[in-house]
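J.: coords please:
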Amino acid sequence: MNKLVNLLNRVLGNNGVKLKKQDEYMYWSPFISHHKRKLQINIQSQNWHCWVSNVGGRNFFQLLKKVSASREHFNELVELVGETKFYKSKDKQEKVGVNLPKEFKPLWNGGDGIVKRHALSYLYNRNISDEDIMKYNIGYCDEGLYSNRIIIPSYDSDGQLNFFVGRDFYSSKMKYKNSPTPKDVIGFDLFINWDEPIILCEGVFDAMSFKRNAIPLFGKTVMKRLHKKILESNVKTLYLALDNDAMSDAIKICKNFMSEGISVKLMTLKDKDPNELGFKKLIKSMSRTDTTKFSDLMKYKLYDNRHR
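T.: Numbers count the residues shown, from 1 in each chain. Sure thing, here's the model as predicted:
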């Protein structure tokens, strides 16, 4: 409990004052300027509320995201309170639990060994930096069901785990072994600014290569949850960067969002995927990509039919 209070003190930049009520603390609120402490936090329940700005939430992941805490602070919070997320599906009304493999080891957290060195070598060869490893909490497993696989977690907007990708780095027959849970989640939602243009791409390595507001689809289609979120958000422009072999899927996605009034920019990356191109070429390609028109989709469709 004291470690949790200490973390909150560092994140909020001031020491909380304990109230008579058990587990309740008052902090200077980061959301308003006031001469009294107005942010009340319950350490046990994780409920928090600013009594002036009326900003609040039901877990500390929400609070850390609201104050733009560092990835290190998020990782520390995970160690203190865990990262299991249970949520209700509105369609099926059933609980789905997401957990990282019990053998998961974060690559940023010291230690050494041949498996870790091979995992890091694989990531560096795919232009994934140490900053990326820290930001996305990338780890690996050296035993168990996900042995010799890099694990890339995805967190929702509250900082809770909603999916993970397991990528083999020893060239096995099965390249990917992912979280045994539905893919109808928003990949990397924790890092998405829904007031800015977003980028949709197929995989996690593609999304990390953009280094800004990119969402992995975990495939070639936009699932219901993500589709709804985009339409309900303030996103006005959407970049679509699928692999070239997914042109027919890209055309369908373009049609759907363009019909909803979203401005779509379909990026054509020739014979490479986003991760192969790298950050600099991706940004250059984005700057050169014009807004896609329905007439453009007809041209892309004809081109796709000819080259199948």
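J.: what's the burial count for the closest residue to Ala246 other than its chain neighbours?
T.: Leaving aside its chain neighbours, Ala246 sits nearest to Lys220 (4.6 Å; criterion: C-beta to C-beta, 6 or more residues apart in numbering). (Glycine included, C-beta is placed from N, CA and C.) The number of residues packed near Lys220 is 15, by other C-beta atoms under 10 Å.
J.: Now do the contacts for Lys220.
T.: By C-beta atoms under 8 Å, 6 or more residues apart in numbering, Lys220 lies in contact with Glu202, Leu242, Ala246, Asp249.
J.: I figured the first one was touching Leu242, is that so?
T.: Yes - with contact defined as C-beta atoms under 8 Å, Glu202 reaches Leu242; the gap is 5.6 Å.
J.: More neighbours: those two, which one.
T.: The residue with more neighbours, out of Glu202 and Leu242, is Leu242; 27 against 23, by other C-beta under 10 Å.
J.: Please state the offset of stretch 122-142 from the chain centre?
T.: Centre-to-centre, stretch 122-142 and its host chain are 14 Å apart (C-alpha atoms, centre = their mean, to the nearest Å).
J.: could we number from 41 for the rest of this?
T.: Sure, I'll start counting at 41 from here, so that last one is stretch 162-182.
J.: Go ahead and name everything in contact with that stretch.
T.: Against stretch 162-182 from outside (C-beta under 8 Å, 6+ apart): 111-112, 114-115, 118, 140-141, 143-148, 153, 155-156, 159, 187-193, 195, 206-207, 209, 228, 231, 244-245, 248-249, 251, 315, 318-319.
J.: Cross these against helices and list the overlap.
T.: 111-112, 114-115, 118, 155-156, 159, 244-245, 248-249, 315, 319 (DSSP state H).
J.: thinking again about what came up before, so the residue nearest to Ala286, which of the three states?
T.: At Lys260 the chain is in coil, as set by DSSP: H, G, I helix; E, B strand; the rest coil.
J.: picking that back up, buried members of the contacts of stretch 162-182 into PyMOL, please.
T.: To isolate the buried members of these in PyMOL, using 16 or more other C-beta atoms under 10 Å:
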select buried, resi 111+114+115+118+140+141+143+144+145+146+147+148+155+156+159+187+188+189+190+191+192+193+195+206+207+209+228+231+244+245+248+249+315+319
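J.: can you count the residues close to Asp224?
T.: Asp224 has 16 nearby residues by other C-beta under 10 Å.
J.: Tell me the one of the ones in helices among the contacts of stretch 162-182 nearest Met326?
T.: For these, the closest approach to Met326 (C-beta to C-beta) belongs to Phe319, at 10.6 Å.
J.: where's the closest one relative to Leu309, distance?
T.: 13 Å (C-beta to C-beta, to the nearest Å).
J.: How about Tyr65?
T.: In terms of C-beta to C-beta, Tyr65 sits 51 Å off from Leu309.
J.: Which one of these two is surrounded by more residues?
T.: Tyr65 (21 against 18).
J.: pretty sure the more buried one is in a helix, no?
T.: No - under three-state DSSP, Tyr65 falls outside any helix and is assigned strand.
J.: mind listing what the closest residue to it other than its chain neighbours touches?
T.: Excluding its sequence neighbours, the residue lying closest to Tyr65 (C-beta to C-beta, 6+ apart) is Gly56, at 3.5 Å. Contact partners of Gly56, counting by C-beta under 8 Å, 6+ apart, are Val45, Leu48, Asn49, Tyr65, Met66, Tyr67, Ile81.
J.: what about the second one, how many residues close to it?
T.: Close neighbours of Leu48, defined as other C-beta under 10 Å, add up to 23.
J.: tell me the secondary structure for it?
T.: Under three-state DSSP, Leu48 comes out as helix.
J.: can you tell me how far it sits from Asp313?
T.: Look at Leu48 and Asp313: by C-beta to C-beta, they are 41 Å apart.
J.: before we move on, what about the first one?
T.: When distances are taken as C-beta to C-beta, Val45 and Asp313 turn out to be 45 Å apart.
J.: More neighbours: these two, which one.
T.: Neighbours per residue, other C-beta under 10 Å: of Val45 and Asp313, the larger number sits with Asp313, 19 against 16.
J.: Can you give me the pLDDT of the residue lying closest to the more buried one once chain neighbours are set aside?
T.: The shortest distance from Asp313 to any non-neighbouring residue, by C-beta to C-beta, 6+ apart, is to Asp283 (4.8 Å). pLDDT recorded at Asp283 is 88.
J.: tell me, how many neighbours does Asp283 end up with?
T.: By other C-beta under 10 Å, 20 other residues sit near Asp283.
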